[in-house]
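Q: predicted model and sequence below, questions to follow.
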Amino acid sequence: YSILPAISLDGVIHLKVINCSFTEDDFANFICGVLNQMQPWPLPNSVLIMDNACIHNVPGIQEMV
């Protein structure tokens, strides 16, 4: 299994669990779900932080955000 949570100061705002490794498409779909829970700056849940993991550099992610 693989688990991918999006965590805010108030707790988990989006979560995806799958029974295999995340693919680029899985991650892009996850980000869509996260973005649906986010709001414009400066409201709560308005900042998205990702490290430099390979999956975070999937083509098209930067344009989605």
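A: That came through, no problem. Nothing here was measured: the structure is a model prediction, and the numbers come from that model. Numbering: from 1, shown residues only.

Q: which residues touch the nearest residue to C20 once chain neighbours are set aside?
A: Sequence neighbours aside, S2 is the residue nearest to C20 in space, at 6.8 Å (criterion: C-beta to C-beta, 6 or more residues apart in numbering). Placement of C-beta: from N, CA and C, glycine included. Contacts here follow C-beta atoms under 8 Å, 6 or more residues apart in numbering; on that basis S2 touches V17, I18, N19, C20, S21, F22.

Q: surely the first one is within a helix?
A: In other words, V17. No. Using DSSP: H, G, I helix; E, B strand; the rest coil, the assignment for V17 is strand, not a helix.

Q: give the contact list for the residue nearest to it when sequence neighbours are not counted.
A: Once flanking residues are discounted, V17 sits nearest to I3: 4.9 Å by C-beta to C-beta, 6+ apart. Neighbour list for I3: L15, K16, V17 [criterion: C-beta under 8 Å, 6+ apart].

Q: between these, which is nearest W41?
A: Distance ranking of the contacts of I3 against W41, using C-beta to C-beta, places L15 first at 23.7 Å.

Q: for N57, see how far away that closest one is.
A: Going from L15 to N57 by C-beta to C-beta, to the nearest Å gives 22 Å.

Q: SS state for the residue nearest to V17?
A: Per three-state DSSP, the secondary structure class of I3 is strand.

Q: give me the nearest residue to H56, chain neighbours excluded.
A: Leaving aside its chain neighbours, H56 sits nearest to M50 (4.3 Å; criterion: C-beta to C-beta, 6+ apart).

Q: over to S46?
A: Q39 (5.2 Å).

Q: give me the number of residues near that neighbour?
A: 9 (other C-beta atoms under 10 Å).
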